[in-house]
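Participant: requesting a structural model of the entry that follows:
(2 chains)
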Amino acid sequence: MAGGSLFFSLAVRNLQMHWLRSLLAAIGIIIGVIAISSMGILGNALSLSITNSLSDVGDSIVVTPHVGYQGGMGVSSSTSERLTDRQIELIRRAATTNKVVAIYSGGDRVKVKRDYLYASVYGIDPMDIPSLLEIDKGQYLRGSSGVIIGSKFAKDNNLTVGSRILIGEIESGVRVVGILKERGMGFDINPDSAIISSDLWYRDFYDTRGHDMAIIKVTNLKDIDRIKTSIENQLNKRETEVDVYETRMILDSITEAFGQITLFTMAIGGISLIVAGVAIFNVMMMSVMERYKEIGIIRSIGTRRAEVRSMFIYEALILGLSGSTIGGIISFGLCYLVVAVFMNDVSYILNPSSLIQILYGMTFGIVTSMLSGLYPAWKASSLNPIEALRHE
Amino acid sequence: MTKIYPLSSGDVTALSEISLIVQPGEFIAIMGPSGSGKSTLLNLMGCLDVPTRGNVYIRGRSIKTLSDDQLTILRRDELGFIFQQFNLIPLLNALENVRYPLILKTGMSASRERCQEILTAVGLIPELWNHRPNQLSGGQQQRVAIARALVNDPSIILCDEPTGNLDTKTGQAIMTLLDRLCREEGKTVIMVTHDTRTADYARRVIRIEDGRIIEEI
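Facilitator: Residues are numbered from 1 along each chain as shown, chains lettered A, B, ... in the order given. From the prediction side, this is the model:
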């Protein structure tokens, strides 16, 4: 088209001439884009921070006793809601070469220095601990003596390697031999504020039979489904004895739930953008009606319909583009501030999955403006030049 | 040709079986009372409308077979329009108004010098070139409009009451300019007017009443 930039500059001049009206229309778009982008960014930052704290446990299968299962053969036993040795053996078989860590878990009163508190206690075979947990200070368990403690537990109670704690009613003393690295919340065990003892010590101390859960560390992620099915086949064929969770799936469903919440809030933001679209439509229609005569003039001296159309579409595009850009910049600044103040970690904002929300918001803003400008532009281009010329 | 406007209150015949041949380089005036159909005739010759029956041929080309875009390009390249209301684009200054049709034809590289030459030729002083239409007098605006009509070097100039909004002296100056364009540059000038003094500049005068030609001098 000859002189595309001619119509662009005409569009700019018209917007400048009616700057207040243009500004108000652009403010509508700015607010809409801020609403969508900010909701998107904050939702995403929240989701990132949560999945981040859920540690990387995507490679595990967790087996727990099925709640309500009363032991085999209809005999109610004290091992109900615990995994029997037979079940553990079947799980090991299903896991083939993958490591199976059987875990005792419970909670007990603990005396630290002079304070009493309540803590989770896990009993794990010392040989298996390194495959599940990482030591920060001190050393892993050797034999049945001593315990290792979670980082948060150590920090909250001012404990170091070598400290003594007393466990249970009988206040049995144990020495801290190691402190774990922070691991974050998990779907299997939450060691950060817990005490980890050897399985032998746990079994003797609490006189328990049967484990509370088994964790299978899967080396090849493709095996997850096969192992899961195999366990289900072995143990849950006649009656549901165990529940099998795949941590990856739990992680996925949490991320998905967050995605849906974010989408919902973004949709609410979208409503404000539709309102902005109506404002642009209104401004553009006013612009067309005010310029009937001018449209008649330019049509009569040789401006094609498509060229008239482009002039009005440029106007909508300029409003949309400038509004969306300003809105995008403001929402970045706003979210940066909010996240820096409340989440203390701006990396959630700088993450590409957050930044792309700005792009979504801006695209939505531009598309809305363009759609609102289409009808007025079409209307302008289809005016009869003679009638438009007569218009006063 | 015949032009009928269909209205809800019944069809209105604006032009009824009119035949007219205009030779290249002619200066003709179309006269008649209001509502006689002279503006309709000018619109049809200006390719702004098509006749209901009959046809308009411009340099042998039938306008009825042309698309809207083709008609627009014909108006841009072959015809120059001069209106009673001047009809300049309010957003553009004098020079830009003249340059507008040239940009439509040749793109953004359209020559400024040519526009300046034409503005000088129609008698607009350079100090006024950057003025917007609302900062110019009627006579000055009409000079810009004539320059705009000439910039694409059309063979036909269509004028609708070109002096209707001007005082006598300015009107005469504008008519002298049109007369010179016809004589010296061989442009065909077709002018609608109801002012006999303006019509005196034309070499042929056609009178219309009720959509028919009643007299040709």
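Participant: please name the bridge partners of A:Gln167.
Facilitator: Not quite, residue A:167 is Ile, not Gln. A:Val110, A:Ser172 (DSSP bridges).
Participant: mind checking how far it is from A:Ile149?
Facilitator: 11 Å (Cβ to Cβ, to the nearest Å). In short, each C-beta sits where N, CA and C put it, glycine included.
Participant: who has more neighbours out of these two?
Facilitator: A:Ile149 (31 against 21; other Cβ atoms under 10 Å in any protein chain shown).
Participant: would you confirm that the more buried one contacts A:Lys181?
Facilitator: No. Taking contacts as Cβ atoms under 8 Å, A:Ile149 lies outside contact range of A:Lys181: 11.8 Å.
Participant: hmm, back to that, shared neighbours, A:Ile167 and A:Ile149?
Facilitator: Any residue near both A:Ile167 and A:Ile149 by Cβ atoms under 8 Å, 6 or more residues apart in numbering or on different chains counts here, and that gives A:Ile195.
Participant: so B:Leu92 versus A:Val33, what's the distance?
Facilitator: Taking Cβ to Cβ, one finds B:Leu92 at 33 Å from A:Val33.
Participant: who has more neighbours out of the two?
Facilitator: A:Val33 (33 against 20).
Participant: what helix or strand does the closest residue in space to the more buried one that isn't next to it in sequence sit in?
Facilitator: Among residues not flanking A:Val33 along the chain, A:Gly327 sits closest, at 2.9 Å (Cβ to Cβ, 6 or more residues apart in numbering or on different chains). Per DSSP states H and E: A:Gly327 is located in helix A:305-342.
Participant: for chain B, give me its nearest residue in the stretch 201-350 of chain A.
Facilitator: A:Gly302 (2.5 Å; Cβ to the nearest Cβ).
Participant: is that residue in contact with B:Thr72, as I believe?
Facilitator: Yes. The pair A:Gly302 / B:Thr72 is scored as a contact, 5.8 Å apart, by Cβ under 8 Å.
Participant: quick one, phi/psi of residue 29?
Facilitator: Since no chain was named, I'll use chain A. A:Ile29 adopts backbone torsions of phi -70, psi -40, taken as degrees, to the nearest 10.
Participant: meant chain B, my bad for not saying
Facilitator: Here is the backbone geometry of B:Ala29 (degrees, to the nearest 10): phi -120, psi 140.
Participant: wait, it touches B:Asp195, no?
Facilitator: No. Between B:Ala29 and B:Asp195 no contact is recorded; they are 9.3 Å apart, counting by Cβ under 8 Å.
Participant: for the residue of chain B found nearest chain A, give me its contacts.
Facilitator: The minimum distance from chain B to chain A, using Cβ to the nearest Cβ, falls at B:Arg76 (2.5 Å). Each residue near B:Arg76 by Cβ under 8 Å, 6+ apart is listed here: A:301-303, B:101, B:104-105, B:152.
Participant: the closest residue in space to A:Ala194 that isn't next to it in sequence: how many residues sit nearby?
Facilitator: Excluding the flanking residues, the one nearest A:Ala194 by Cβ to Cβ, 6+ apart is A:Ser120, at 3.9 Å. As a burial measure, A:Ser120 scores 19 neighbours (other Cβ under 10 Å).
Participant: for A:Ser120, pull up the helix or strand it's in.
Facilitator: strand A:115-124.
Participant: what's the following helix or strand after that strand?
Facilitator: Going down the chain from strand A:115-124, the next helix or strand is helix A:129-132, by DSSP H and E.
Participant: show me which residues of chain B are close to chain A?
Facilitator: With the criterion set to Cβ under 8 Å from any Cβ of the partner chain, chain B comes near chain A through B:43, B:46, B:48-49, B:68-69, B:72-73, B:75-77, B:81, B:83, B:87-92, B:100-101, B:103-108, B:110, B:148-149, B:152.
Participant: make a PyMOL selection of the buried ones in the residues you listed.
Facilitator: Buried members of these, defined by 16 or more other Cβ atoms under 10 Å in any protein chain shown, are picked up in PyMOL with:
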select buried, chain B and resi 43+46+48+49+72+73+75+76+81+83+87+88+89+90+91+92+100+101+103+104+105+110+148+149+152
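Participant: how near is the closest residue in space to A:Asp136 that isn't next to it in sequence to A:Glu134?
Facilitator: Nearest non-adjacent residue to A:Asp136, counting by Cβ to Cβ, 6+ apart: A:Lys181, 4.2 Å away. Shown here: A:Lys181 relative to A:Glu134, a distance of 4 Å by Cβ to Cβ.
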